[in-house]
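Engineer: predicted model follows, preceded by the sequence.
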Amino acid sequence: MVKICCIGAGYVGGPTMAVIALKCPAIEVAVVDISVSRIAAWNSDHLPIYEPGLDEVADLIFVSVNTPTKTRGLGAGKAADLTYWESAARMIADVSKSDKIVVEKSTVPVKTAEAIEKILTHNSNGVKYQILSNPEFLAEGTAIEDLFAPDRVLIGGRETADGQRAIKPLKDVYAHWVPEERILCTNLWSAELSKLATNAFLAQRISSVNAMSALCEATGADVAQVSHAVGQDTRIGRKFLNASVGFGGSCFQKDILNLVYICECNGLPEVANYWKQVIKVNDYQKNLFVNRIVSSMFNTVSGKKIAILGFAFKKDTGDTRETPAIDVCKGLLGDKAHLSIYDPQVTEEQIQRDLSMNKFDWDHPVHLQPMSPSSVKSVTVAWDVYAASKALAYVLHAVQNKIFKFLELMINKK
Ligand SMILES: NC(=O)C1=CN([C@@H]2O[C@H](COP(=O)(O)OP(=O)(O)OC[C@H]3O[C@@H](n4cnc5c(N)ncnc54)[C@H](O)[C@@H]3O)[C@@H](O)[C@H]2O)C=CC1
Ligand SMILES: O=C(O)[C@H]1O[C@H](OP(=O)(O)OP(=O)(O)OC[C@H]2O[C@@H](n3ccc(=O)[nH]c3=O)[C@H](O)[C@@H]2O)[C@H](O)[C@@H](O)[C@@H]1O
């Protein structure tokens with residue numbers, strides 16, 4: 001019987017292992033995490049199984065730990081910080097007594113498998129390792145349906161006989177519920193890079209339509225109509241063409257910055273600049289939104305009360321990682337506005353934490369994040385939409401697409 005262990009019980013590790021356990025009753029699945037509270041939370045919901053310890057637990061080890069953007073040292077602000085990956089790999093090397101297949105589930109820079117291989121084999125005591133890249137494409141809010149019916153499952157392995165042999169057991173796991181033609185097998189580097197490329201392409205579409213939205217505002221075109229017309233072209237397609245206040249979420253920005261850094265390291269500055277522009281347009285969009293509010297209120301929001309409806313980075317999630325609401329709120333707070341924030345999925349503590357935290361600090365295990373950020377005094381968190389909107393000067397609706405129209409309505413009503 002195949003045994004699986006997953007290191008990292010987060011947004012990816014938790015649901016992915018839950019689905020594997022559900023679809024493959026004969027496979028024993030264990031999930032480990034360095035965050036005690038994370039494991040306690042999962043156990044309280046009876047979702048993934050927790051087994052303390054890795055020793056001899058698994059044949060296939062998924063690693064789904066954080067890969068944040070580096071905040072200091074070489075590549076700060078762009079490169080992926082592989083600290084957690086490295087410590088997971090060292091833990092695997094320390095405790096393994098039989099041959100293992102280590103599966104990269106986290107999104108990692110292309111060529112990471114090479115470094116992981118070195119760590120694992122350095123003190124291997126005769127244990128053999130094969131590294132596979134099996135990036136995850138689920139989106140939050142639809143994680144379970146994405147896992148049940150993925151567009152594709154991607155598995156990259158070494159192009160050696162051992163590498164190809166290692167692909168088989170992983171392919172067999174997915175074959176329990178994913179049609180064979182949707183399981184793509186490639187070499188390691190293609191799989192690693194395809195994940196970064198997919199997120200870059202998706203984010204690029206959003207930046208493209210957001211750039212158009214600025215031109216629409218300047219010319220009287222309606223961005224919803226333009227995006228609908230563009231998306232009707234079957235070569236382009238309709239998805240991911242909703243204009244917004246900018247994309248958020250834990251990965252798009254992080255992965256593109258990572259891609260930019262890899263291009264620079266490979267002596268490809270033109271390619272790096274091309275992708276950097278996707279982030280620049282996203283930042284521009286968030287600034288534009290703040291500037292528009294401030295300028296339409298006699299160039300100052302100082303002392304004015306503004307309600308923010310929705311704080312998470314998109315609907316159907318309580319996740320606030322890189323939510324554009326943080327930038328919008330910080331921009332308004334910078335001009336001394338008073339904010340009343342309402343989001344039924346997000347706690348007050350999380351909002352205060354997000355507004356006080358430094359850029360990129362959120363992407364570390366919970367217990368390693370700064371613990372007691374000072375709360376932002378000019379922010380109140382409301383428990384219903386009416387309370388949030390009481391005595392407000394403006395309502396911002398942090399749900400993609402409707403924002404500009406909604407604001408326009410509000411402005412016109414004034
Ligand atoms: N959130 C998402 O929708 C997606 C995320 N990804 C990628 O998957 C990876 C994980 O992302 P999330 O699950 O969102 O992160 P997360 O922060 O929710 O979960 C990561 C977990 O790993 C744990 N961890 C860190 N180091 C560890 C170690 N040495 N041993 C045991 N546990 C350790 C942390 O405590 C944390 O609970 C990232 O590389 C991300 O880019 C990929 C696709 C989708
Ligand atoms: O690697 C990852 O972490 C994941 O990143 C995204 O998933 P996610 O961040 O959960 O959410 P999305 O639905 O992609 O939305 C991201 C952001 O783009 C915004 N967006 C999305 C679509 C759109 O048309 N316009 C738009 O502004 C959303 O509001 C949100 O802020 C990808 O969709 C997943 O395939 C990928 O696995």
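Structural biologist: Okay, I see it. On a predicted model such as this, the values are computed, not experimentally measured, just so you know. Ligands and ions are numbered 1, 2, ... in the order given.
Engineer: neighbours around Gly303, how many?
Structural biologist: Around Gly303 there are 11 other residues, counting by other C-beta atoms under 10 Å. No exception for glycine: its C-beta is placed from N, CA and C like everyone else's.
Engineer: and it, what does it touch?
Structural biologist: Taking C-beta atoms under 8 Å, 6 or more residues apart in numbering, we find Gly303 in contact with Lys336, Ala337, His338.
Engineer: what about Phe289, helix or strand, and which?
Structural biologist: helix 269-296 (DSSP states H and E).
Engineer: is it true that Ile256 touches Val281?
Structural biologist: No. Counting by C-beta atoms under 8 Å, Ile256 stays clear of Val281, with 11.1 Å between them.
Engineer: just want to know which of those two has more residues nearby.
Structural biologist: Ile256 (24 against 21).
Engineer: how big is the angle separating the strand or helix carrying that one from helix 269-296?
Structural biologist: In the assignment (DSSP H and E), Ile256 maps to helix 252-265. Following axes from the mean of the first three to the mean of the last three C-alpha atoms, to 10 degrees, one obtains 140 degrees for the angle between helix 252-265 and helix 269-296.
Engineer: what separation is there between the nearest residue to Asp343 once chain neighbours are set aside and ligand 2?
Structural biologist: Nearest residue to Asp343, sequence neighbours excluded (C-beta to C-beta, 6 or more residues apart in numbering): Phe311, at 3.8 Å. Between Phe311 and ligand 2 the computed distance is 12 Å (C-beta to the nearest ligand atom, to the nearest Å).
Engineer: enumerate every residue touching Phe311.
Structural biologist: Here Phe311 is in contact with Thr320, Thr323, Ala325, Ile341, Tyr342, Asp343, Val346, Ile351, Asp354, Ala398 (C-beta under 8 Å, 6+ apart).
Engineer: try it again at 10 Å.
Structural biologist: When contacts are counted by C-beta atoms under 10 Å, 6 or more residues apart in numbering, Phe311 touches 318, 320, 323-326, 328-329, 341-346, 350-351, 354-355, 381, 398.
Engineer: which ones among those lie within helices?
Structural biologist: Pro324, Ala325, Ile326, Val328, Cys329, Gln350, Ile351, Asp354, Leu355 (DSSP state H).
Engineer: what's the pLDDT at the fourth one?
Structural biologist: pLDDT for Val328: 96.
Engineer: wait, it sits on Phe289?
Structural biologist: Yes. Here Val328 reaches Phe289: they are 6.0 Å apart, a contact under C-beta atoms under 10 Å.
Engineer: mean confidence for stretch 166-185?
Structural biologist: Stretch 166-185 comes out at a mean pLDDT of 97.
Engineer: do stretch 208-216 as well
Structural biologist: Here the average pLDDT along stretch 208-216 is 97.
Engineer: is it positioned near ligand 2?
Structural biologist: No. For stretch 208-216, no contact with ligand 2 is found by C-beta under 6 Å from any ligand atom; the gap never falls below 6.9 Å.
Engineer: please name the nearest non-neighbouring residue to Met113.
Structural biologist: One thing to correct before we go on: residue 113 is Ala, not Met. Per C-beta to C-beta, 6+ apart, closest to Ala113 is Ile131, 4.3 Å.
Engineer: so the one you found sits against Leu170, correct?
Structural biologist: No. Counting by C-beta under 10 Å, Ile131 stays clear of Leu170, with 11.3 Å between them.
Engineer: what residues does the stretch 201-350 of the chain put near ligand 2?
Structural biologist: So far as C-beta under 6 Å from any ligand atom goes, the stretch 201-350 of the chain lies against ligand 2 at 202, 206, 240-242, 244, 247-252, 313-314.
Engineer: for the helix or strand harbouring Val29, packing partners?
Structural biologist: When elements are assigned from DSSP H and E, Val29 belongs to strand 28-32. If you count contacts as 3 or more C-beta pairs under 10 Å, 6 or more residues apart in numbering; DSSP states H and E, strand 28-32 packs onto strand 3-7, helix 13-23, helix 36-44, strand 60-63.
Engineer: partners of the shortest one, with directions?
Structural biologist: Strand partners for strand 60-63, identified by DSSP bridges, are recorded as strand 3-7 (parallel), strand 100-104 (parallel).
Engineer: most surrounded residue in the residues of the stretch 201-350 of the chain next to ligand 2?
Structural biologist: Busiest of those [other C-beta under 10 Å] is Phe247, holding 29 neighbours.
Engineer: list phi and psi for it.
Structural biologist: Backbone torsions of Phe247, given as degrees, to the nearest 10, read phi -80, psi 150.
Engineer: how about His338?
Structural biologist: Dihedral angles (degrees, to the nearest 10) for His338: phi -110, psi 130.
Engineer: who's in contact with it?
Structural biologist: 301-307, 332, 377-380, 391-393.
Engineer: quick one: pLDDT of it?
Structural biologist: Taking His338 on its own, its pLDDT is 94.
Engineer: which residues does it bridge with?
Structural biologist: With DSSP bridges as the rule, His338 is bridged to Lys305.
Engineer: wait, Ile155 touches Thr186, no?
Structural biologist: Yes. Between Ile155 and Thr186 there is a contact under C-beta under 10 Å: 7.5 Å.
Engineer: which neighbours do the two have in common?
Structural biologist: Joint contacts of Ile155 and Thr186 (C-beta under 10 Å, 6+ apart) are Ser133, Ile167.
Engineer: out of those two, which sits in the busier spot?
Structural biologist: Shown here are Ile155 and Thr186; by other C-beta under 10 Å, Ile155 has more neighbours (23 against 17).
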